[in-house]
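Trainee: Fold the following.
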Amino acid sequence: MGDRKGKQRKSGNSPETLNDPIKSSDPAESKWSAVKNFVPREFTCKCSGLCSHEDVVSAELVLKLERIRDLIGKPVVIRSGTRCESHNRQVGGMPGSAHIPKNGMSHAADILCPDSAFRFAFLTAALPMFNRIGIGPDFIHVDDSPQLPENQIWLYNGKTPDPQVKA
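Mentor: Residues are numbered from 1 along each chain as shown. Alright, predicted model coming up:
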């Protein structure tokens, strides 16, 4: 979970802004020590244990979701986090999805949206932090993938999203 190589994000809060525990001088300190609203299994692949993706979710992603949860004051339910290739295909995910770990790290989560008031509150808080957002009928996809195009918002409406998006 060290420093990310490659291009820097142009928008959104950096891990330093969010008090990322990964930057701690104590290598034993877990990214989960600063997280009170989520646990690792919420982000684990839902393939019924067929893969070994346990705690490979981006600390930056988790801390942004933690911040959103604090801002909106409502539970944030992870519908889908890390996915293995097989599970991603099974659920109709795009090849190259940010849910699939790359370089040992996944960078996406789908958030359950119980109603339009939640959707509004979540999007209001998420837009300053994420520049890749997909909106479905009952979920919102957010990701901070350094490999995928930035400044993207797309809709899921039963059709395949824009092929460049790779949600």
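Trainee: Just the buried positions in the lowest-mean-pLDDT helix or strand in the chain, please.
Mentor: For the chain, counting by mean pLDDT, DSSP states H and E, helix 85-90 ranks last in confidence among helices and strands (a mean of 92). If you call a residue buried by 16 or more other C-beta atoms under 10 Å, then helix 85-90 has these buried ones: 85, 87, 88. For glycine as for every other residue, the C-beta is placed from the backbone atoms N, C-alpha and C.
Trainee: confidence score at residue 49?
Mentor: The score at residue 49 is 71. That number is its pLDDT.
Trainee: so is it in a helix, a strand, or just coil?
Mentor: Under DSSP: H, G, I helix; E, B strand; the rest coil, residue 49 falls in the coil class.
Trainee: For the protein, give me the ranges with low pLDDT.
Mentor: The model of the chain has pLDDT under 70 over residues 1-30, 53, 158-167.
Trainee: Can you pull the phi/psi pair for the most centrally placed residue in it?
Mentor: Central residue of the chain (C-alpha atoms, centre = their mean): residue 108, 2.9 Å from the mean position. According to degrees, to the nearest 10, the main-chain angles of residue 108 amount to phi -140, psi 150.
Trainee: my read: it touches residue 62, true?
Mentor: No: using C-beta atoms under 8 Å, residue 108 is not in contact with residue 62; the gap is 11.6 Å.
Trainee: Would you tell me what the next helix or strand after the least confident helix or strand of the chain is?
Mentor: Using DSSP states H and E, the helix or strand that follows helix 85-90 in sequence is strand 108-112.
Trainee: Tell me the gap between that next one and the middle of its chain.
Mentor: The chain centre lies 6 Å from the centre of strand 108-112; the measure is C-alpha atoms, centre = their mean, to the nearest Å.
Trainee: Remind me what that strand packs against, helices and strands.
Mentor: helix 59-72, strand 78-80, strand 139-143 (3 or more C-beta pairs under 8 Å, 6 or more residues apart in numbering; DSSP states H and E).
Trainee: which one of the ones you listed has the most crowded surroundings?
Mentor: Most buried of the helices and strands packed on strand 108-112 by mean neighbour count (mean count of other C-beta atoms under 10 Å) is strand 139-143; its value is a mean of 23.
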